[in-house]
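**Student:** Structure here, sequence nowhere to be found:
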């Protein structure tokens, strides 16, 4: 079945550092890919998405490119802020899995001032 | 729209008691998902509905768990009897009929503590 694997955390960074969170997927067909973010004490909210190969999703300075050849969707931000401290989830949705959202384990990111 | 609304936000109950969690999806959304989040297991899909019909309940951990969706605007997740290991944050999410690029919208969650 469909699955998502993301790098294990926790990740601790200093402000203005570069952030990368790796995400790879296994799916039949052509899934849509998502990054969700969960701030402390809150529910998950969509950060960005990409629906086909080579699409780049971007939001709030974060970017991720849908790479079909490497089945990856790595999340990047060039200069993180303390307010980016959160848990980040990679997810996919595909027709072969009845559109069920499959999530990775989540990566906890802490940014220090 | 107010988004996905879950109630209660926090629930503390004694072991053996029945617990009912409630969810109101976004109006017009056809899919509804129930997730459980714990430190040990992360985010787990428990069950999801399409047009009020349960599609996949393979993630429901035990017979003590049940979920219903009597109409398009309301769903419940019930645990009877509850146990301390059920302590977790339970999320409800809804989405439109995919349309592949449709994301799911999450509620704020219910933090359940069973003592």
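**Tutor:** Great, that's in hand. The model shown is predicted, which means the values in this text are computed figures rather than measured ones.
**Student:** Identify the residues contacting residue A:7.
**Tutor:** A:21-23, A:107 (CB atoms under 8 Å, 6 or more residues apart in numbering or on different chains). For the C-beta atoms, the positions are set from N, CA and C on the backbone; glycine is no exception.
**Student:** where along chain B do the strands fall?
**Tutor:** Counting by DSSP state E, chain B has strands at residues B:5-7, B:10-13, B:19-24, B:31-38, B:42-50, B:53-56, B:65-71, B:74-79, B:88-95, B:105-106, B:110-114.
**Student:** List the buried residues of the second one.
**Tutor:** Residues of strand B:10-13 classed as buried: B:11, B:13 (neighbour count, 16 or more other CB atoms under 10 Å in any protein chain shown).
**Student:** Which strands and helices lie in contact with that strand?
**Tutor:** Identification of packing neighbours for strand B:10-13 by 3 or more CB pairs under 8 Å, 6 or more residues apart in numbering or on different chains; DSSP states H and E yields strand B:19-24, strand B:110-114.
**Student:** Next, work out how far apart residue A:81 and chain B are.
**Tutor:** Between residue A:81 and chain B the computed distance is 23 Å (CB to the nearest CB, to the nearest Å).
**Student:** again but with residue A:113, I slipped
**Tutor:** 26 Å.
**Student:** List the residues that contact that residue.
**Tutor:** A:15, A:82.
**Student:** do residue B:51 as well
**Tutor:** Counted by CB under 8 Å, 6+ apart, residue B:51 has contacts B:30, B:72.
**Student:** likewise the one 3 residues further on?
**Tutor:** For residue B:54, the residues meeting the contact criterion (CB under 8 Å, 6+ apart) are B:47-48, B:67, B:69.
**Student:** Quick check: bridge partners of residue B:89?
**Tutor:** Beta-bridge partners for residue B:89, by DSSP bridges, are residue B:37, residue B:111.
**Student:** okay but it is in contact with residue B:108, surely?
**Tutor:** No - contact criterion CB atoms under 8 Å: residue B:89 and residue B:108 do not qualify, at 9.5 Å.
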